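Student: Make a model of this:
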Amino acid sequence: MWKNFKLNKFLLLIPLTSLMFCFNSPKNDDEKMQTIMVSVKNTLSYLHYSPKTINDAYSKDVYKHYFELVDPAKRYFLQSDMDEFSKHETKLDDYIGQGDLTFYKLTIDRLYQRVDEIDKITQDIFSKPINLQEDETLTLEPKLKKVPANKQEQYNEWKKFIKYNILQEVESMNSKEEAQKEKKDSVQKFKLKDTIKLKVLTQEEKIKKATDEVKDLVKDTFTRFKKRKKMDWFTVYMNAYTEVFDPHTNYYSPKDKEDFDTQFTGKVIGIGALIQEKKGNLYLGALTIGAPAWKSKQLSEGDKILKVRSKPKEDAVNVVGMLSDEAVRLIRGEKGTPVTLTVQKKDGTIKDVTMIREEVAIEDTFARSIVVNAPNGKKYGFINLPSFNADFENAKGRNASDDIKNEIVKLKAQNIEGIILDLRNNGGGSLTEVGDIMGLFMEAGPYVQVKDGNGKIQTLKNKNETPIWTGPLVIMQNELSASASEILAGVMQDYGRAMIIGSPQSFGKGTVQTFVDLNRFLNTEDDFGSLKLTIQKFYRITGESTQRKGIVSDIQMKDFFTYAEVGERYDDYALAWDKISPTKFQKLNYFNIQALEKASADRMAKNSNYQLLLESAQWREKLDKEENITLNITKFNELMKNRKSQIEKFKALTKFENGLQFIMYPSEIEREKKDEAFKKKSEMWIKNLKKDLYLQEAMNIVSDMGAKS
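Tutor: This next block holds a predicted model:
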């Protein structure tokens with residue numbers, strides 16, 4: 001949850017003298033990093049919702065978190081490195097206040113040194129026969145691993161890691177081969193035309209092929225690592241400081257902020273093509289139908305990108321060997337400006353293609369709906385909302401509430417009798433969109449209470465008096481529904497306007513963030529990036545925080561995430577749950593929760609697919625918690641064989657279909673005729689909806705609620 005928050009003059013009045021610095025423009029990266037460190041420290045201390053004391057205890061937390069970010073699997077640093085680094089464990093609080101780069105440069109220089117050494121180590125490992133018959137085990141749980149005591153131990157650990165990856169590749173080949181055999185047997189059994197290609201490899205051939213693939217993978221990993229600029233690691237270092245305040249306070253470099261804005265607004269100015277890295281080269285991926293790359297009729301998926309000319313009067317930049325995100329930034333630019341790509345076609349010819357940059361929508365960010373024909377013969381509406389997107393910079397830009405409104409209007413035209421709003425996996429977004437969406441379903445009223453670091457509480461209200469849908473409403477959530485999703489689900493639950501169904505509880509993010517540009521405190525025009533800063537906590541209209549506890553579903557249905565450690569409550573640095581006084585609101589009486597809950601419980605108790613899914617979820621979680629695994633190929637194959645026999649009983653889930661019929665709008669059917677990408681996405685979407693067991697029960701519940709308009 002974050003909002004377009006402008007820090008007012010009063011808020012800045014007291015700390016202003018401490019936050020304002022008069023720096024000359026930095027001459028190099030070191031000076032820039034030093035400036036950022038001091039600015040971040042002061043911004044955290046004065047503007048964070050719950051500032052921490054910058055002392056030795058804080059320093060120890062930052063130290064611990066930093067290595068969790070830089071070397072989580074304990075593969076790069078040696079014990080001698082850690083012994084040397086430990087001398088700085090209680091000094092990081094001093095370093096951030098002074099802009100001292102001693103620890104950062106020491107650890108990152110050492111990291112690059114170790115990567116060079118490990119690159120040579122892995123080359124040596126691949127140059128010799130790799131024995132998969134040895135009785136060895138690999139520790140999978142990082143918390144149980146120790147930092148390598150010396151280079152020989154590090155060599156052995158990387159050899160084990162490589163063996164594990166080879167075994168996984170071999171297993172992947174075995175699984176694909178078995179699947180192809182099943183298809184071929186089925187085709188022959190029913191005397192169909194046999195087009196199934198099946199090449200059976202010996203175990204030795206699979207091991208050789210797998211070893212070559214892992215060798216290429218490891219080589220590419222180190223190549224990309226070495227291309228990464230040391231300045232990029234500085235972002236990781238700063239986040240070790242910020243995330244100890246709370247997990248949602250983060251430092252964003254200018255390019256990271258650009259990526260965030262792109263995702264949040266759901267649009268990018270560019271040519272509409274994915275850029276993919278393969279073995280040190282960049283290639284065009286899928287082209288967005290209707291976007292400049294597609295309209296050029298000169299570019300195709302798989303074209304190798306050689307150069308990019310960002311501006312007509314500038315020289316083209318050779319992008320061979322460049323990281324994909326760097327090339328993407330050359331291709332993006334201002335709307336209406338030209339960009340030229342030099343590409344090598346699959347036939348070897350070289351071509352320059354000039355395009356005019358356009359605004360390309362990332363449609364997966366936006367709401368989408370579809371009509372559902374239920375087994376009872378009635379029609380209902382299903383709306384999926386991936387995020388609470390908003391475009392604060394453009395009054396005409398897309399936002400979640402307008403999109404939901406448009407989808408409701410389309411559904412009403414189809415005479416639906418109830419709506420299911422799907423907030424599963426929705427990580428949130430704009431706080432203001434929550435009130436606007438609430439206003440589409442009910443009359444005016446408070447929807448959230450917000451408390452700042454000074455204890456001041458503000459109640460935000462939806463002012464819409466004319467809802468456009470007053471009929472049955474079900475909201476679906478899961479453990480990944482967070483922030484704005486939780487505010488909307490919580491307020492609709494508190495009013496009694498909607499039934500909340502899904503996981504026992506949602507993610508539990510009850511904080512509000514804003515972006516603070518560090519430049520505002522500095523006498524310079526250089527871009528020092530931004531701090532996404534927790535400035536407020538929000539509370540339900542009942543006074544309860546959603547922090548850590550999330551929203552408890554009215555009708556609880558467990559899923560794969562239920563048995564995993566997903567949610568704010570599992571983060572060491574998450575802010576605490578608390579409660580404030582409730583605000584006044586008028587509860588509605590739309591339905592009988594107890595009756596609906598009992599009817600659903602009776603159905604789910606008899607639902608064999610649901611019971612099987614729960615068994616599968618518990619089994620998978622048990623696998624995820626395994627701490628060690630054998631690296632002996634005979635034992636590994638036997639382990640995989642046992643797992644497959646267990647998986648066999650869960651195969652029925654892959655064949656499950658919920659019996660619902662999904663009807664697209666006439667306009668979308670027409671669009672599919674012209675837009676192949678949209679057609680494929682729609683087909684995949686509907687295919688997944690048909691396999692959605694939880695949607696099946698949501699349809700039962702909205703049907704039980706009865707029509708009311």
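Student: Find the residue ranges of this structure scoring beneath the pLDDT cut-off.
Tutor: Residues of the chain meeting the criterion pLDDT under 70: 1-27, 194, 264-266, 279-280, 362-363, 521, 523, 707-709.
Student: Closest to the centroid, which residue in it?
Tutor: The centroid of the chain falls nearest to Gly427 when counting by C-alpha atoms, centre = their mean (8.3 Å).
Student: The longest helix anywhere in the chain: what's the following helix or strand?
Tutor: Identified as the longest helix of the chain according to DSSP state H is helix 151-189. Downstream of helix 151-189, the next assigned helix or strand under DSSP states H and E is helix 203-227.
Student: residues of that next one that come out buried?
Tutor: 206-207, 210-211, 214-215, 218-219, 222 (16 or more other C-beta atoms under 10 Å). For every residue, glycine as well, the C-beta is placed using N, CA and C.
Student: Could you dump the residues you listed into JSON lines and include distance to Gln586?
Tutor: Below are the buried residues of helix 203-227 laid out as JSON lines (distance: C-beta to C-beta, whole Å):
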{"residue": "Lys206", "distance to Gln586": "67"}
{"residue": "Ile207", "distance to Gln586": "69"}
{"residue": "Ala210", "distance to Gln586": "65"}
{"residue": "Thr211", "distance to Gln586": "68"}
{"residue": "Val214", "distance to Gln586": "63"}
{"residue": "Lys215", "distance to Gln586": "67"}
{"residue": "Val218", "distance to Gln586": "63"}
{"residue": "Lys219", "distance to Gln586": "65"}
{"residue": "Phe222", "distance to Gln586": "63"}
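Student: What's the local residue count around Pro312?
Tutor: 10 (other C-beta atoms under 10 Å).
Student: Am I right that it falls within a strand?
Tutor: No - secondary structure of Pro312 (DSSP: H, G, I helix; E, B strand; the rest coil): coil, not part of a strand.
Student: Apart from its chain neighbours, what residue comes closest to it?
Tutor: In space, and not counting its chain neighbours, Pro312 is closest to Pro338: 5.9 Å by C-beta to C-beta, 6 or more residues apart in numbering.
Student: what's the answer for Lys311, then?
Tutor: Going by C-beta to C-beta, 6+ apart, Lys311 has Thr337 as its nearest residue, at 7.3 Å.
Student: Quick check, the one you found in contact with Arg309.
Tutor: No - under the criterion of C-beta atoms under 8 Å, Thr337 makes no contact with Arg309, lying 11.2 Å away.
Student: Buried ones in the helix or strand harbouring Tyr112, by neighbour count?
Tutor: Using DSSP H and E, Tyr112 sits within helix 102-127. By neighbour count with 16+ other C-beta under 10 Å, helix 102-127 contains the buried residues 103-104, 107-108, 110-111, 114-115, 118-119, 121-122, 125-126.
Student: likewise stretch 602-613?
Tutor: 604, 607, 610, 612-613.
Student: so which pair among these is furthest apart in space?
Tutor: Pairwise distances across the buried residues of stretch 602-613 (C-beta to C-beta) peak at 12.1 Å, for the pair Met604 and Leu612.
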